[in-house]
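Student: Just need the structure, nothing else, for what follows:
(2 chains)
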Protein chains: 2
Amino acid sequence: MAQSKPSPETRTEKLAQWAANLQYHDLPEEVIQRTKELFIDWLGCTIAGRHHPAVAAIVRFATQMGPSSGKSELIDGSQGLTSSPAFASLINGASSHVVEQDDLHNRSIMHPFITACVVGYEVGCRTGEYLGKSHYEKFHSTATGGVIGVAAAVARLLHIDANQMLSAIGTAGTQAAGLWQFLHDATHSKQAHTGKACFDGILAAYSARDGLLGPRDIIEGSRGMGAALAPGETDPEAINKGLGLDYAVLGSSFKWHASCRHTHPSVDALLALMAKHQVTFHEIASVMARTYQAAINVLGLTGRGETVHQSKFSMGFVLAVAAKNGQAMITDFTEEALEDAELREFQQRVTMELDPEIDAKFPKQWQGTVVVVCKDGRKYTESVEYLKGDPENSLTRAELETKFRALATYGGVTDTTKVANLLQKGWELECQSSLHGFSF
Amino acid sequence: MAQSKPSPETRTEKLAQWAANLQYHDLPEEVIQRTKELFIDWLGCTIAGRHHPAVAAIVRFATQMGPSSGKSELIDGSQGLTSSPAFASLINGASSHVVEQDDLHNRSIMHPFITACVVGYEVGCRTGEYLGKSHYEKFHSTATGGVIGVAAAVARLLHIDANQMLSAIGTAGTQAAGLWQFLHDATHSKQAHTGKACFDGILAAYSARDGLLGPRDIIEGSRGMGAALAPGETDPEAINKGLGLDYAVLGSSFKWHASCRHTHPSVDALLALMAKHQVTFHEIASVMARTYQAAINVLGLTGRGETVHQSKFSMGFVLAVAAKNGQAMITDFTEEALEDAELREFQQRVTMELDPEIDAKFPKQWQGTVVVVCKDGRKYTESVEYLKGDPENSLTRAELETKFRALATYGGVTDTTKVANLLQKGWELECQSSLHGFSF
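Tutor: You can find the predicted model right below:
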């Protein structure tokens, strides 16, 4: 049965039709500007992560299995390597997810076309929002929503029609995978997930163009993603609501702290509390972080935090770092910090508690409340409604540049002229004809 | 935290240790012989499927994204193409799953080493058995168990240790994907699933060797495959029970009919009934196929069967073909058959009904019972306990060769000398030093 051109009957068909037809001139100026900010932020994260062993292993896979050159640049090393888009995205997508400074879906196919990026964010984030909390309990939704977003973005770049877009989304969705099991032993799946989401999304888009038919209702169908991957309630309205009006890129957040994002509400609340009441690190007897269930699920798994990576998932350790250093930047999480007896001692005095009110607002709002008891008996409570980096409290361009420079330094890029040039190219993204020249 | 060498504490660790250490001389002779039979059967299926549009789309992806040559042969066309193992497996794995003549897990990495094949079957099939019926309701377990099997087989070929084997299994499991949604609209995911299971398993094995750490308890962990992908009961004992004694290759079945395997119990029962009571196609007023729930779930989705592929998933159409032609071979499912009014009319008179006793035995036993009412009022019931092709009723080597020749003919290979040579090479598989020369 040949597929007929869809008159958008299902929510997914409507989404695919929108994604296939979005034009650059449809985009509000703030959407274009935010997309550039996200691109620069992604680039910094990718540079910072490029030396991670998981990335190295994936690079080696690409070297053995992929072509030895191609039209896409790898950001993995200093050799100016190139590969095919699928392998470049596998590596760059993995590298971007190493340092825990990125927190959005699909940023891995940042081709010149801002329109495609916007499509990718929209389709990926809407799928993630549809799948909801019960999905996120077991699945790494950056990967499962991400593969759909990548497929849609790449499909848009390939100028395929709405029917093929629907196939791309379908083939992406049936590949959706990525489990949180790696949190239990600090293994490397997180980077594999994002790299694979990129690769698989590209496969879905290219093969859809070349005739591979994907299921037409992969998101909501009775054996689709919602049915199989989300045991609890889904949010069907999220698939289409405000399409072309509420842009996911504008609802996205930047990470300011270098730790798992679920620690950020508490870090911001703690830093605000310490500033407001002039409490110092050594004065604190205990911290209770009141938070939402998903945070407890993710952060409760890593135990004491034996590795640098794990330590960013330990609420106790992250709050200890923030309290002691006044910040939790990428340079604050080091092997030395893991051995710091003061941090380890403070960590023991941090507890987490589920706050039903905060939980009810999540993930629309990432609220944090901390209760601090001082050694002299003082007791304070502080809440933050919007994190630094949230859409309501976004980073300035100067702050984004500061973060970019820190990430580049961490990634071993010390040539400040090169860094300045990269930033300049990024801010002029809409004027570029290709993305060549963003590698090292 | 560096991973230490595992003393096998979990079931998955024990499985990984076994898989890493299995030696050829450990294998009973019947295991070796059966593995060769499975290889030949797989090869025939792969040749037969090579012209499918889904395979063509995946070949095009490999041509654009993969290397233009390599040490592995593609069975997709007549041009003697080669590629890297990952892309060859992507294509060959997809091609092998086109014609519905294969029914086991992982047959896609049939490298020279029979030992690795045995490991792959064992690990993949045990994972599938662990995941059980509730998993199979939404997930295509050939893909989700398959990726684990491929990873283990390839890891064995790479001679990596038990710890790396565990990583390979972990990285494979976190990539496990494949939804039945495609059954609703006859789209191409089935082939994409098996091809991707091969590719992803190879990625898992190679990257494990090169340092990518995979989760250590991906099968049973609290955010692992069982927890996330099997809402119902799992079978933990299946992971280790009889390891090295009960071989999955010996418990595997060959397909004799060209239709979805869930129709086979009913086809065998119907053909037995017609022979026993000398009932002809035109005498039959109605057929009731009593079967297990999983068959009803899968077969109930494709409706009337508008395409050749869909028609193999329609119980009514398949039984009509079997009753009319006395067989349901690959040459019986054609565009002409779809237009055959007699078949379509007979199809209407077939119903399915859940049989709780049969359901309780599934999937250990694929029992079929049919109740036939004749136009003259006669009524017969017939059951088969073991299908033709089941381990208890396996195909002879002559039958396997007959099937192979039919598949090769279907795949456009008309050179009978070449076919004979391929069979000869297959039967001498344990004497080959490589698998070169199995392509066309």
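Student: Check the average confidence over the helix or strand harbouring A:T127, would you?
Tutor: Using DSSP states H and E, A:T127 sits within helix A:114-138. Mean per-residue pLDDT for helix A:114-138: 92.
Student: same question, stretch A:307-320
Tutor: In this model, stretch A:307-320 has an average pLDDT of 93.
Student: Just give me how far it sits from the chain centre.
Tutor: Relative to the mean C-alpha coordinate of its chain, stretch A:307-320 is positioned 18 Å out (CA atoms, centre = their mean, to the nearest Å).
Student: The closest residue to A:D390 other than its chain neighbours: neighbouring residues, count only.
Tutor: Of all residues beyond its chain neighbours, the one nearest A:D390 is A:S253 (4.8 Å), with distances taken as CB to CB, 6 or more residues apart in numbering or on different chains. The way it works is simple: take the backbone N, C-alpha and C, and place the C-beta from them, glycine included. Using other CB atoms under 10 Å in any protein chain shown, A:S253 has 20 neighbouring residues.
Student: Roughly how far does A:S253 sit from A:V31?
Tutor: A:S253 sits 16 Å away from A:V31, going by CB to CB, to the nearest Å.
Student: Using the centroid of chain A, identify the residue furthest from it.
Tutor: Here chain A reaches farthest from its C-alpha mean at A:D376, the gap being 40.6 Å by CA atoms, centre = their mean.
Student: elements contacting the lowest-mean-pLDDT helix or strand in chain A?
Tutor: Evaluated with mean pLDDT, DSSP states H and E, the helix-and-strand set of chain A has its lowest mean pLDDT in strand A:72-73, which scores a mean of 78. When contacts are defined as 3 or more CB pairs under 8 Å, 6 or more residues apart in numbering or on different chains; DSSP states H and E, strand A:72-73 sits against strand A:82-83, helix A:85-95.
Student: B:P215 versus the spatially closest residue to A:L15 that is not a sequence neighbour, what's the distance?
Tutor: If the residues on either side of it in the chain are set aside, A:L15 comes closest to A:I239, at 5.7 Å by CB to CB, 6+ apart. Counting by CB to CB, the separation of A:I239 from B:P215 is 31 Å.
Student: Same drill for those two, tell me which one is more crowded.
Tutor: The residue with the greater number of neighbours, taking A:I239 and B:P215 and applying other CB under 10 Å, is B:P215; the counts read 29 against 21.
Student: My read is that the more buried one contacts B:A172, right?
Tutor: No - counting by CB atoms under 8 Å, B:P215 does not reach B:A172; the two are 10.3 Å apart.
Student: Please, where are all the strands along chain A?
Tutor: Secondary structure of chain A (DSSP state E): strands located at A:72-73, A:82-83, A:284-291, A:350-354, A:368-374, A:379-384.
Student: How about the contacts made by A:S286?
Tutor: Contacts here follow CB atoms under 8 Å, 6 or more residues apart in numbering or on different chains; on that basis A:S286 touches A:349-351, A:372-373.
Student: Could you pull up phi and psi at whichever residue of the stretch 251-400 of chain A sits closest to chain B?
Tutor: Of all residues in the stretch 251-400 of chain A, A:E306 sits closest to chain B, with a separation of 4.3 Å (CB to the nearest CB). In this entry, A:E306 is assigned phi and psi values of phi -90, psi -20 (degrees, to the nearest 10).
Student: just checking, it touches A:A186?
Tutor: Yes - applying CB under 8 Å as the test, A:E306 and A:A186 come out as touching, 6.9 Å apart.
Student: So for the two, which residue has more residues nearby?
Tutor: The residue with the greater number of neighbours, taking A:E306 and A:A186 and applying other CB under 10 Å, is A:A186; the counts read 22 against 15.
Student: Grab the nearest non-local neighbour of A:T334.
Tutor: Once flanking residues are discounted, A:T334 sits nearest to A:V308: 6.6 Å by CB to CB, 6+ apart.
Student: and if you look at A:G124?
Tutor: When the adjacent residues along the chain are set aside, A:G124 lies closest to A:G149, with 2.1 Å between them (CB to CB, 6+ apart).
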